[in-house]
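Participant: any chance you could fold what I've pasted below:
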Amino acid sequence: MILGHWLLIETLDVPATWSVLAVDTSPRRWKSLARTVPARLMPILTAAAAGGETVERQLPKSRHAWSGHHACAIPRRGPDERVHAVQMWVGPGEPPPPPPVGTHLFDARTRRTEVRSAGLGRAFDRRRSVWTGAESFEHVERFDDALDLVAVVTRAAPGSRWCGEICVRTPEGLRTLMMATRNSADDPQLWRGVLADITDSVPPQPKSFEAATVDTLVNRNPGMYLAVLDTERVRVIRWISPPVPGLDWTGDTDERTLPHPGDRERIIEARRAIRAGAASWSLPGLRLADIAGGWLTVDVEVSPLPYGADGAGPPHFALARIDLRRTENPDASG
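Facilitator: A predicted model of the protein is given here:
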């Protein structure tokens, strides 16, 4: 047992899968729980996870290093009220405040993310708790493994898990979050997760040179917008630039309702071409629904994005460059 330090233990699935995610704010991705918490102390952890209430114990005198120490286990409930994690401390005297930890729940069917951020502190109070689809990236400054996460979630193999770091913007500056998430065999589309502020151990990383270059390109080309799409369902995964102004899009928009009915066959053709290996595909004069009930006319260039160790198979993702041309009257294109 690591004495005098807070352990962050994820309880996202059945007890046999539980693992250690961090020691204080130092990441320990999926570290073996059995090798970290002695069997004699496990009942304290399981009681907190099962009951959803803080458990404190004064440990008896023994030959163990924790003899006579104080034990504390604090559960962290998710938006579904299940305990997603337990923060556990064993040491002499009273424990210090635990590191900031939040929880989240993601439904891959609806692309709805709900966050319980109270445990992360005031800097993470967004005055909202639900994001849908590409909205989830609203406050992200840098997330190098974003496509990896999307691919894992999309495949939804039962018993999958993912852990990585995200640099996010807050009113108090950039912060580093470690995100860990699992699905289950019972419902592979439902992902429970933990968000830990590890900034004290992992300094925030600003945008990469490549991302900064893209920002410069967008800023110098008014009317140009960039989005990452998935090629399976042709949905917006993430806006690289701000969304197209006036586009009738929100995070929970069904992208099938965006194109003009007369342009849908062209989009299907472009999807087939990209998945068949085309280096790029142009969609000039594409009409997309606007918030006023009319149509935005845009020119779109789609290119596949490399993903995976060898890039074999149809591309999972594509980059769409969208150049805004003009807005039509609601009745102009029937």
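Participant: what comes into contact with stretch 162-181?
Facilitator: Stretch 162-181 has contacts (C-beta atoms under 8 Å, 6 or more residues apart in numbering) with 10, 12, 21-22, 27, 29-30, 104, 106, 123-124, 139-143, 145, 148-149, 152-153, 161, 182, 191-199, 202-206. (Glycine included, C-beta is placed from N, CA and C.)
Participant: which of the residues you listed are buried?
Facilitator: 10, 12, 21-22, 27, 30, 104, 106, 123-124, 141-143, 149, 152-153, 161, 182, 191-199, 202, 204 (16 or more other C-beta atoms under 10 Å).
Participant: among those residues, which lie within helices?
Facilitator: Secondary structure from DSSP state H places 149, 152-153 of those in helices.
Participant: would you map the strands across the stretch 101-250 of the chain?
Facilitator: 101-107, 112-116, 130-132, 140-142, 161-170, 173-182, 190-197, 224-230, 235-239 (DSSP state E, counting those that start in this stretch).
Participant: tell me the most buried of those strands?
Facilitator: Highest mean neighbour count among the strands of the stretch 101-250 of the chain (mean count of other C-beta atoms under 10 Å): strand 190-197, with a mean of 24.
Participant: what sits up against that one?
Facilitator: Contacts of strand 190-197 (C-beta under 8 Å, 6+ apart): 8, 10, 12-13, 21-22, 25, 76, 78, 80, 82, 84-85, 99-108, 115, 117, 120-121, 124, 153, 175-184.
Participant: cool, and stretch 127-138?
Facilitator: Taking C-beta under 8 Å, 6+ apart as the rule, stretch 127-138 contacts 79, 110-117, 143, 146, 227, 235-239, 250-253.
Participant: swap in stretch 235-252?
Facilitator: With C-beta under 8 Å, 6+ apart as the test, stretch 235-252 has contacts from 110-112, 131-137, 146-147, 150, 214, 218, 224-230, 255, 258, 288-292, 296, 298, 317, 319, 322, 324, 327.
Participant: what about T103, distance to W6?
Facilitator: Noted for T103: a distance of 16 Å to W6, by C-beta to C-beta, to the nearest Å.
Participant: same question, G52
Facilitator: Taking C-beta to C-beta, one finds G52 at 19 Å from W6.
Participant: neighbour count for these two, which is higher?
Facilitator: More crowded of G52 and W6, by other C-beta atoms under 10 Å: W6, with 23 against 14.
Participant: could you chop this structure up by domain?
Facilitator: Following automatic domain parsing, the chain resolves into domains at 7-91, 101-197, 209-328.
Participant: and the particular helix or strand that has P304 in it, what does it pack against?
Facilitator: Under the criterion of DSSP states H and E, P304 resides in strand 295-305. With contacts taken as 3 or more C-beta pairs under 8 Å, 6 or more residues apart in numbering; DSSP states H and E, strand 295-305 sits against helix 264-275, strand 281-289, strand 317-328.
Participant: can you redo those as CSV with mean neighbour count and mean pLDDT?
Facilitator: Conversion of the helices and strands packed on strand 295-305 to CSV gives the following (neighbours: other C-beta atoms under 10 Å; pLDDT from 0 to 100):
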stretch, mean neighbour count, mean pLDDT
helix 264-275, 16, 96
strand 281-289, 17, 96
strand 317-328, 17, 84
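Participant: redo these as a markdown table? Include distance to W89.
Facilitator: Listed next are the helices and strands packed on strand 295-305 as a markdown table, based on distance: least, C-beta to C-beta, whole Å:
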| stretch | distance to W89 |
| --- | --- |
| helix 264-275 | 51 |
| strand 281-289 | 53 |
| strand 317-328 | 42 |
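Participant: what secondary structure does W89 sit in?
Facilitator: W89 falls in the strand class when you classify it by DSSP: H, G, I helix; E, B strand; the rest coil.
Participant: and the residue lying closest to it once chain neighbours are set aside, backbone torsions?
Facilitator: Excluding the flanking residues, the one nearest W89 by C-beta to C-beta, 6 or more residues apart in numbering is P95, at 4.1 Å. P95 adopts backbone torsions of phi -80, psi 150, taken as degrees, to the nearest 10.
Participant: low-confidence regions, the stretch 101-250 of the chain specifically.
Facilitator: By pLDDT under 70, the stretch 101-250 of the chain has no low-scoring segment.
Participant: roughly how far apart are the closest residue to L229 other than its chain neighbours and R272?
Facilitator: Nearest residue to L229, sequence neighbours excluded (C-beta to C-beta, 6+ apart): A318, at 4.9 Å. Here A318 is placed at a distance of 12 Å from R272 (C-beta to C-beta).
Participant: try L247
Facilitator: L247 is 24 Å from R272, by C-beta to C-beta.
Participant: now do the buried residues in stretch 18-28.
Facilitator: 18-25, 27-28.
Participant: measure it end to end?
Facilitator: Across its full length, stretch 18-28 reaches 13 Å end to end, with C-alpha to C-alpha, to the nearest Å as the criterion.
Participant: what residues does that stretch touch?
Facilitator: For stretch 18-28, contacts defined as C-beta under 8 Å, 6+ apart pick out 2, 5-12, 29-33, 36-37, 85, 99, 163, 165, 178, 180, 194, 196-202.
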